[in-house]
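1. Give me a model of this one.
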Amino acid sequence: MALFRKRSKTTGGSTPLESKVLEQAEPAPQDPVDRVNKAAVEEVGSERVESAELNKPEGIFVSVVIPVYNSMPYLTELLNSLELQDLDKSLYEVIAVNDGSTDFGGEILDVYAKRNANFTVVHQENSGWPGKPRNVGTAMAKGEYVFYADSDDTLGTEALRRMRDFALKHDVDVLAPKLVPVGGRVIRTSLFASTQVDVPLESIFATLMPQKLIRRQMILDNDLRFAEEKVRLEDGMVLAGCYLHAKRVSVLADYEYYYIRERGDGNNISAQPFEPVGYVESMTHISNTIRNNTVDDPELGRRLIAGLFKRKGLKFFVGERFLKYRDARAKMWISAFGPYVQEFLAERTDEVLSDHDAAKSLAIIAGDHEELKRLAKLDDQVAVRPELVKSVNKSDRLELHLVAPKIGPSPRAIYLDERDSERRLEFPVKHLGGEKYLAQISFADLSSASLAITDAHVKFDHAETRRIRVPSEVKDLVFAGARVYRTVNGLLSIDLRKSKFV
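-> Numbering: from 1, shown residues only. Take a look at the predicted model:
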């Protein structure tokens with residue numbers, strides 16, 4: 001299969017990406033009296049780049065690249081977390097590109113660069129988007145890997161060392177460290193439930209945010225550049241290329257590596273309004289990247305594109321969000337997405353989307369606003385968690401009787417995930433008709449696995465896993481030292497610590 005492209009060996013000299021980006025870098029004028037950083041000035045082509053030190057140490061493992069624009073007071077927290085990393089300073093560098101900040105963030109950067117030989121600061125005129133600063137930083141980077149951080153987030157003090165150890169041990173091309181949301185930020189955390197050396201593409205595509213450790217030469221060899229104009233999903237365009245060119249993509253979940261923030265001032269780029277046509281153009285770019293790199297496995301490509309559409313496209317047609325749109329706004333989204341769905345998902349839609357999502361897709365193609373409103377009113381039902389009706393102790397197995405709404409995705413399996421470990425057992429689910437399902441959990445499998453406390457999840461076709469809800473009237477079941485019980489949050493767990501199955 002030719003899905004993954006072989007990684008080229010590192011060669012000397014500037015790549016086309018390095019030359020092109022460095023030619024574009026234009027530092028802001030500097031007053032030698034007012035500026036704190038008395039850094040050396042390095043000539044790069046026809047441009048001047050301010051640097052805390054011209055001769056960087058050899059053997060740099062990772063270059064942390066940070067686009068900075070009006071990020072105070074959060075910026076100091078990030079810089080402190082980088083300054084306090086327990087990785088030897090000769091093994092990492094920090095490249096902060098000040099994109100014309102109008103607060104005093106530029107001066108703060110200069111202070112840190114003055115006292116840290118491995119910190120470099122670039123001052124440039126405002127480009128209006130993170131893409132150009134990231135490209136400038138990537139072109140300057142000397143590390144074997146690049147890590148993209150945002151200026152309002154922070155890293156755990158052991159993050160770089162732990163990522164380095166893992167990446168070297170497993171020869172990783174892209175490493176997704178565990179992200180921890182703070183300040184009310186909402187992200188998909190299920191991906192970081194456990195460490196995975198080899199993550200399936202269908203799983204890793206759930207995160208297109210740039211906070212990843214990425215092999216720099218792979219970026220350069222494939223000319224993976226961030227869009228520099230104001231476009232949505234510009235980081236997703238690059239990450240999709242990285243995933244598809246990588247020989248190994250991993251998730252590292254053994255530590256709180258990166259704290260990703262929802263800013264109290266509402267200035268996260270993700271909080272800015274969407275423009276439908278431009279947004280769909282970005283999705284089309286990502287989808288074409290997927291299709292062009294899965295020519296030997298087109299079914300994988302279809303599943304990846306369908307997953308992208310479910311996460312990044314259908315969210316605009318869900319429930320109250322869609323129903324609250326004014327008619328003109330709703331029709332703008334329908335019109336923008338119609339050609340996209342027609343091109344990428346018009347055929348055999350039910351093979352890659354749930355029945356409910358497939359119905360929405362057909363309505364988008366048809367431009368049927370009324371049908372989309374009808375379907376949106378049903379979304380609350382679709383999102384209902386499966387529910388435990390009763391648990392039954394049989395001679396050789398535990399039976400879990402469940403109900404799940406007919407309109408929603410169909411349950412396919414039960415996961416028992418052990419708390420505080422990466423171990424998981426999977427058991428099939430049988431459809432009994434209507435909303436009724438049955439999971440049979442073998443005592444022999446439970447005994448051989450020797451699990452402790454487990455949380456029960458349902459696996460679906462074409463949907464994320466969901467915890468199982470337990471109504472208050474459903475009684476706990478105790479048998480052979482095991483306990484099937486309702487947690488304080490009303491969810492299903494099984495305590496196997498004292499179990500003794502014969």
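2. Tell me if residue 65 really is in a strand.
-> Yes: under DSSP: H, G, I helix; E, B strand; the rest coil, residue 65 sits within a strand.
3. I'd assumed residue 82 was in contact with it.
-> No: between residue 65 and residue 82 there is no contact, the gap being 11.5 Å when judged by CB atoms under 8 Å. The C-beta positions use only the backbone N, C-alpha and C, and glycine is treated the same way.
4. which neighbours do those two share?
-> Common neighbours of residue 65 and residue 82, counting by CB atoms under 8 Å, 6 or more residues apart in numbering, are residue 149.
5. Contacts for stretch 431-446, please.
-> Stretch 431-446 has contacts (CB under 8 Å, 6+ apart) with 386, 389, 396-406, 410-411, 413-414, 416, 425, 427-430, 480, 482, 496, 499, 501-502.
6. need the contact list for residue 305.
-> With CB under 8 Å, 6+ apart, residue 305 has these contacts: 287, 290-291, 344-345, 352.
7. List just the nearest of the residues you listed to residue 199.
-> Set against residue 199, the nearest of the contacts of residue 305 by CB to CB is residue 290 (16.0 Å).
8. Relative to residue 339, how far out is residue 346?
-> From residue 346 across to residue 339, the span is 10 Å (CB to CB, to the nearest Å).
9. need the contact list for residue 321.
-> With CB under 8 Å, 6+ apart, residue 321 has these contacts: residue 315.
10. Secondary structure class of it, three-state.
-> helix.
11. check contacts around residue 155.
-> Residue 155 neighbours (CB under 8 Å, 6+ apart): 78, 81-82, 85, 149, 257-259.
12. can you check residue 60 too?
-> 90-93, 142-144.
13. in this structure, which segments are predicted with low confidence?
-> 1-58, 187, 189, 263-272, 502 (pLDDT under 70).
14. ok so, going back, now which of the contacts of residue 60 would you call buried?
-> 91-93, 142-144 (16 or more other CB atoms under 10 Å).
15. which SS state does residue 465 fall under?
-> strand.
16. How about it, nearest residue that isn't a chain neighbour?
-> Closest residue in space to residue 465, ignoring its immediate chain neighbours: residue 457 at 4.5 Å, by CB to CB, 6 or more residues apart in numbering.
17. which residues touch the one you found?
-> Applying CB under 8 Å, 6+ apart to residue 457 gives the contacts 414-415, 417, 465-468.
18. Just the buried ones out of the residues you listed, please.
-> Among the contacts of residue 457, those classed as buried by neighbour count (16+ other CB under 10 Å) are 414-415, 417, 466-468.
19. I figured residue 64 hits residue 91, correct?
-> No: Residue 64 is beyond contact range of residue 91, at 11.4 Å (criterion: CB under 8 Å).
20. shared neighbours of the two, anything?
-> residue 160.
21. how far does stretch 343-360 stretch from start to finish?
-> Stretch 343-360 has an end-to-end distance of 15 Å (CA to CA, to the nearest Å).
22. Stretch 302-319 now?
-> End-to-end distance for stretch 302-319: 25 Å, by CA to CA.
23. Next: stretch 443-454.
-> 14 Å.
24. show me what contacts residue 255?
-> 156, 158-159, 162, 177-178.
25. Need the single longest helix in this structure, by residues.
-> helix 327-345 (DSSP state H).
26. For that one, which helices and strands make contact with it?
-> helix 276-292, helix 298-308, helix 355-366, helix 369-377 (3 or more CB pairs under 8 Å, 6 or more residues apart in numbering; DSSP states H and E).
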